[in-house]
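J.: output the structure for:
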Amino acid sequence: MPTDKRVVVVYGASGYTGRLICEYLREYNIPFLAAGRNSDRLKAVVDAVPGIDTVDHEIVDVEHSTEALVDAFRGAEVVLNTVGPFARWGDPVVQACLEIGAHYTDTNGEQNWMIDVEKQYGAEFASRGMVLTPGLAQMYTIGEIAANICLETPGLDTLDIEVFWKGYPTVASTNTILTNAAFAKAYYLEQNEYVEWPADAGIYELVVPGQHELGLALPWGGTSHPVWFKNDPRVANARALGGVINRPLMLGVPQIVAAALEQMEGKSDAEKFQIIDTVSASVRSETPPRENPRINTSLDSVHASGPLGRVHCVIHGNCNYKQTALLNAYGAAHLLQATPRAVGFVSGCQVFGHREMLGVLRAFGLVLDPIITAHG
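T.: Residues are numbered from 1 along each chain as shown. Prediction:
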C-alpha cells in the first residue's frame, strides 16, 4: 500500500457522508487527504473520527475550481467526491482527475449529470485506463448488486427496481432533489431507449417485501440504474423508484418541490439556485444525527423478468450512509491494489464486481444475505 498521504482524496470530507468515508479509510489503513472549503470545519469533523491518529492524513481547504483542485489533489491516485449537487459542482472535480490522472468515484444519483458525464469524459477516461464511477451509493449500488444477482440467470431482460430506507435528509440530498426538479428530466429505460417519467404522476404506491403497508415512492430524478443498464446487452427495460419509510415525509416531498418550483417561475438560473439553497437550508440545515442500525434500515428489491423466467432478489440492510461510505472506501482500496475490471464510464459493479461488493457489505455487518426466489 502506498504511504503518500495524498494517495486518496476525500473531497467534501466535512459533510455527513465524507466524514463516514474517512472512518472507513482509517479502517482500511489508507492514507488520505481530507479536502473542502473550510479547514476549521474539516479539522473539527476529521479529528472527531474515532482512532483518526492511527492513519496518516492531511487536511486542506481548497477553492472549487479546476485549477485549484488540480494543485490540491496532485499526487492522488483516487478522488472520492461527495460535493453535490453534482450537476452544479461536479465538472471541475472530474476535470481535475483527468489532469492529474486519478480515478474518480462519487455518491451522486443525478441521472442527467451522469448522462452528460459519460458523453463528455467517458472516452478520455477509458483511453487512459482510468475509472469514472459516479453513483457509488446505497440508493443505487445495492439495487445494482441485486439486479446483477438476478441477471446471473440467463434470459432476463427487464428490471423493476425499488429502494426504501429509514433515514434523514441531508442539506445536499434536499438540494439535489430541488435541483433535479428545476433543471432536469427523469427517465426510465424501455427497449433500450430513455423514456421520460410523467412529470405530473405524483407519488407511486409500491408493494414493499416483508410488510403489509404499501410504500410511497418517487423516481428521484430517474436514478442511476437506467444509465448503467443501458450499456448492458442483457437488459432492455429498467425502471427504478424509491422512498423513505416515513409516509408523512414522503407525502410532503411533492409539496416542497411544487412550492419551490412556483417560486422559481420566470427566474434566472442564478436566482433559481438561490431559492434552492434557501429552501434546502429550511428543510434540513444541520447535520443529521448519526445512524442507528436498529432504526435506520434499508431495503432493495429487484424483480427481473424475461419471456420465460423470473427472479426476485431482496437485500435488507442498515445505515444507508454507512453503506455508501464503505462502498467508496472499498473502491479506493481496490483501485490502489488491483487493475480495475473495466475503465472509462463504468458502474461500481462493473469495476469491482457485484459479489465482491456484497461480500464487503456483509463483512462489515451492513446487509443480510440476499433473499432470492426464482422461477423459470
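J.: who touches stretch 271-285?
T.: 88, 168-171, 174-175, 178-179, 182-183, 256, 259-260, 263-264, 267 (C-beta atoms under 8 Å, 6 or more residues apart in numbering). Placement of C-beta: from N, CA and C, glycine included.
J.: of these, grab the buried ones for ChimeraX.
T.: A single ChimeraX command selects the buried members of the contacts of stretch 271-285 (16 or more other C-beta atoms under 10 Å):
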select :88,168,169,170,171,174,175,178,179,182,183,256,260,263,264
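J.: which ones among the contacts of stretch 271-285 lie within helices?
T.: Among the contacts of stretch 271-285, DSSP state H puts 88, 171, 174-175, 178-179, 182-183, 256, 259-260, 263-264 in helices.
J.: for residue 89, what are its contacts?
T.: The contact partners of residue 89, taken as C-beta under 8 Å, 6+ apart, are 64, 83.
J.: where is pLDDT lowest across the ones in helices among the contacts of stretch 271-285?
T.: Going through these one by one, the lowest pLDDT turns up at residue 171, 70.
J.: what about that one, distance to residue 320?
T.: Residue 171 sits 16 Å away from residue 320, going by C-beta to C-beta, to the nearest Å.
J.: and residue 262, by the same measure?
T.: Residue 262 sits at a distance of 31 Å from residue 320 (criterion: C-beta to C-beta).
J.: more neighbours, these two?
T.: residue 320 (24 against 9; other C-beta atoms under 10 Å).
J.: look up phi and psi at that one.
T.: The phi and psi values for residue 320, taken as degrees, to the nearest 10, are phi -60, psi -30.
J.: quick one, what contacts it?
T.: Residue 320 is in contact with 138, 139, 165, 167, 291, 296, 298, counting by C-beta under 8 Å, 6+ apart.
J.: of the ones in helices among the contacts of stretch 271-285, closest to residue 14?
T.: residue 171 (11.7 Å; C-beta to C-beta).
J.: picking that back up, now the ones in helices among the contacts of stretch 271-285 in TSV, with distance to residue 114?
T.: Output for these, formatted as TSV (distance: C-beta to C-beta, whole Å):
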residue	distance to residue 114
88	14
171	21
174	20
175	17
178	18
179	14
182	18
183	14
256	24
259	27
260	23
263	27
264	23
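J.: ok, those residues vs residue 28, which is closest?
T.: Comparing the ones in helices among the contacts of stretch 271-285 against residue 28 with C-beta to C-beta places residue 171 closest, at 27.4 Å.
J.: just to be sure, residue 149 is in a strand?
T.: No - read with DSSP: H, G, I helix; E, B strand; the rest coil, residue 149 is helix and lies in no strand.
J.: confidence-wise, which helix or strand of this protein is lowest on average?
T.: Within the chain, no helix or strand scores below helix 171-183, which has a mean of 77 by mean pLDDT, DSSP states H and E.
J.: now the helices for the protein?
T.: For the chain, helices defined by DSSP H occupy the ranges 16-27, 39-47, 66-73, 86-89, 91-100, 111-127, 143-150, 171-183, 225-230, 247-264, 269-283, 320-337, 348-352, 354-363.
J.: wait, what's in contact with residue 308?
T.: Going by C-beta under 8 Å, 6+ apart, residue 308 touches 155, 376.
J.: what's the farthest-apart pair in the ones in helices among the contacts of stretch 271-285?
T.: Pairwise across the ones in helices among the contacts of stretch 271-285, and taking C-beta to C-beta, the largest span is found between 88 and 259, at 20.5 Å.
J.: next, count neighbours for the spatially closest residue to residue 178 that is not a sequence neighbour.
T.: Distance criterion C-beta to C-beta, 6 or more residues apart in numbering; nearest residue to residue 178, sequence neighbours excluded, is residue 276 at 4.5 Å. When neighbours are defined as other C-beta under 10 Å, residue 276 has 24 of them.
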